[in-house]
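**Student:** Quick one, fold the following:
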Amino acid sequence: HTTAEKRKEDLGNSLENLASFLSLAGFVALFLGGVGVGSAIHSHVREKLPNAALLRCIGLGESRTFGIYLAQALALGLLASTLGAFLGLLAQWALPHFIGSLLPVRIPFTVGIKGVAEGFALALSFCMLFALLPLLAIRRMSPWAALRVSLGGMAVRRFPWAETLVVLALVGMSASFAIRHTDKWVHGLSYALGLFGAFAFLTFLASLCVKAARRFAPSWLPYAWRQGLANLHRPNNRTALLVLSLGLGTFVLVTLHLTQKVLIAQLVQEGPSDRPNTLLFDIQPDQREGVESLLAAQGVRVLDQSAIVTLRLESLRGKTIEQMLSDTNRQVAKWALRREYRCTWRSEPSPSEKVTSGKWHPPYNPDQDPIPVSLEEGIARDLGLRLGDKLSFDLQGVELKARVASLRKVEWRRVQPNFFVVFPPGSLEGAPAFHVFVTRTSSAAQSATLQRSVVQKFPNVSAIDLTLVLNTLNAIIDKAASAIRFMALFTVGTGLLVLAGAILSGRHQRMRESALLRTLGASRAQIRGILMAEYASLGLLSAGAGCALAVVASWALARHVFKTQFSTELAALAPPLIIVTALTLVAGWLGSRSAAEEPPLESLRREST
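**Tutor:** Take a look at the predicted model:
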């Protein structure tokens, strides 16, 4: 049956999942920040490559040219990291004032020098590594590149080995941070590998998108859509960067959202408002009717009752318990062999049970041997038993031979008797047993009156009021659920800013392209249509891929990290799909509005200066 230790373990697992989720949220926030900083610095450095080519053209050496822009990236990284550290301390000071009531303990404001230094160093490292990817091209950039108008046509030699080292450094740094800041190193490593697996998939998807846009351009589409799709494969396109930024942002945010729903569903199961709050146990068979009458007179209804018979294991699969205990190579724990098993009989599974394998036993026929029993999955695993295995129990010196007929999954969190072993009706009715009643009182006064009446009429029966325990449990669970929602909301806000920044980072290039199209005779409406078609394609592709990856990741997290069931509906993916696509369109429109409105002569004049 369910023990206090088992309930403590279940609640502990739920709160441990909360800690794991908060660790995951922190890692996601860091990764999103890294993606935002990386995409911004990557775009900035790529825009400066023509200037670097010009410096090479007037005689500046490779190393000095590389050093100039590396120093510039370092300065930007130092500024961004310092600002981020300051804002982080400000948030740490301000948040307890806004969410202090949601937390079970008071959190004092302290400046952790070690934490600030670690965050500063990590942000700066991310910034420099992302900047190195385009800067590596400067090392072998030809001065002739300065004579080319389009950056896409620049004769730049690449260094696959150097780029590989930079990517490996990014992976290693992210993995080390995840391992350091999660409760288990396996979880941290899994988080990092999952994110970079998504990174690799999105990179492949972006490459596939570019090739598809180049080869398949339906002639029946309007001009704006054809040109918008063609922009996906134009020279110096930012398709890969945007698909990576938008896709990864969508992936981690939707993963966090789906995981949050799974954990809150698990927590809510701990504390429904109408669950039983009073237990009466050690009721003897001849006292059942009297206790039921007493409860009825008090206006209290019996919600559940079970008969309990105490048994001990005598043998498993033909081996006695003494033989198994003396075997030093046994795989079964001592506690599972030596413990008392409090069993019951039922004609069907209770609402908190679900048969996962085998068939529920019919009423027992005395001519039948052995007795078909149902085992809870966990105890069957601990005892090493499977369907069809034979075992025997000791009932005060009488051997009961049994056979595993089914395995059950039990929801131990419910306040009701649950059992490791359930016998069929007709098998234990004649055995010494006591009964347990589960009920609910509406107030503390009614509970006190009930307990006094039970003690007066049935001194051996114990009545326990669990109201205080359940109220404390509900308070803890409510605060835990609020903490999960807040961290998810905080991370979503960070992610939305990163997504908007990734889109707006290519504004300069959009203005140059719009000026060229205006010079060739395109109208403002056509330019807006082209840009909207491009951003709509990127938004839908990135959001769809991110949502698909998020479902896979959420399933893996629920199953292997949080040890709970995962379920979601396709309708739950519609809001993030719509929001990310809409955000992409809005940010694209804001970033290109001036490009469509500005006279082309001004843009071209600025380009030439």
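**Student:** Using the record's domain definitions, break this structure down for me.
**Tutor:** 4-271+473-608, 277-301+440-465, 305-437 (automatic domain parsing).
**Student:** Now render the ones you listed as CSV, adding mean neighbour count and mean pLDDT.
**Tutor:** From N, CA and C alone the C-beta is placed, and that goes for glycine too. Output for the domains of the chain, formatted as CSV (neighbours: other C-beta atoms under 10 Å; pLDDT from 0 to 100):
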stretch, mean neighbour count, mean pLDDT
domain 4-271+473-608, 17, 72
domain 277-301+440-465, 15, 87
domain 305-437, 16, 88
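**Student:** Quick check: the closest residue to residue 333 other than its chain neighbours vs residue 225, distance?
**Tutor:** Spatial nearest neighbour of residue 333, excluding adjacent residues (C-beta to C-beta, 6 or more residues apart in numbering): residue 382 at 6.2 Å. Taking C-beta to C-beta, to the nearest Å as the criterion, residue 382 is separated from residue 225 by 62 Å.
**Student:** Quick check: the gap between the residue nearest to residue 333 and residue 376.
**Tutor:** From residue 382 to residue 376 the distance is 10 Å (C-beta to C-beta).
**Student:** what's the answer for residue 396, then?
**Tutor:** Distance from residue 396 to residue 376, by C-beta to C-beta: 23 Å.
**Student:** Over to residue 118?
**Tutor:** From residue 118 across to residue 376, the span is 45 Å (C-beta to C-beta).
**Student:** center of the chain - which residue?
**Tutor:** Closest residue to the average C-alpha location of the chain: residue 259 at 3.7 Å, with C-alpha atoms, centre = their mean.
**Student:** Beyond the strand or helix carrying that one, next helix or strand please.
**Tutor:** Using DSSP states H and E, residue 259 sits within helix 239-268. Sequence-wise, the next helix or strand downstream of helix 239-268 (DSSP H and E) is strand 278-283.
**Student:** How about residues contacting that next one?
**Tutor:** With contact meaning C-beta atoms under 8 Å, 6 or more residues apart in numbering, strand 278-283 is reached by 291, 300, 415, 434-441, 447, 450, 454, 458, 460-466.
**Student:** Among the residues you listed, name the ones in helices.
**Tutor:** Among these, the members falling in helices (DSSP state H) are 291, 447, 450, 454.
**Student:** Among the residues you listed, which one sits closest to residue 69?
**Tutor:** Minimum distance to residue 69 across the ones in helices among the contacts of strand 278-283 is 74.4 Å, recorded for residue 447 (C-beta to C-beta).
**Student:** got the residue ranges for the strands in this protein?
**Tutor:** Here the chain has its strands, by DSSP state E, at 278-283, 302-316, 319-320, 340-345, 353-358, 371-376, 390-395, 398-410, 421-423, 434-439, 462-465.
**Student:** List the residues that contact residue 325.
**Tutor:** By C-beta under 8 Å, 6+ apart, the contact set of residue 325 is 334, 337-338.
**Student:** doesn't residue 519 make contact with residue 527?
**Tutor:** No - Residue 527 is not in contact with residue 519 according to C-beta atoms under 8 Å; the separation is 11.4 Å.
**Student:** Bridged to residue 313, which residues?
**Tutor:** Listed beta-bridge partners, residue 313: residue 393 (assigned using DSSP bridges).
**Student:** State the distance from it to residue 336.
**Tutor:** Going from residue 313 to residue 336 by C-beta to C-beta gives 8 Å.
**Student:** which neighbours do the two share?
**Tutor:** Among the neighbours of residue 313, none is also in contact with residue 336 (C-beta under 8 Å, 6+ apart).
**Student:** Report the contact partners of residue 247.
**Tutor:** With C-beta under 8 Å, 6+ apart, residue 247 has these contacts: 198, 202, 205, 541-543, 545-546, 549.
**Student:** ok, residue 383 touching residue 334?
**Tutor:** No - counting by C-beta under 8 Å, residue 383 does not reach residue 334; the two are 11.8 Å apart.
**Student:** circling back: centre of the chain to the helix holding residue 259, how far?
**Tutor:** Computed by C-alpha atoms, centre = their mean, to the nearest Å, the separation of helix 239-268 from the middle of its chain amounts to 7 Å.
**Student:** And for stretch 282-295?
**Tutor:** Chain-centre distance of stretch 282-295: 48 Å, with C-alpha atoms, centre = their mean.
**Student:** what about it, how long is it end to end?
**Tutor:** With C-alpha to C-alpha, to the nearest Å as the measure, stretch 282-295 spans 16 Å from end to end.
**Student:** Report the separation between the nearest residue to residue 543 once chain neighbours are set aside and residue 538.
**Tutor:** Residue nearest to residue 543 in three dimensions, not counting chain neighbours: residue 580, with 3.8 Å by C-beta to C-beta, 6+ apart. Going from residue 580 to residue 538 by C-beta to C-beta gives 10 Å.
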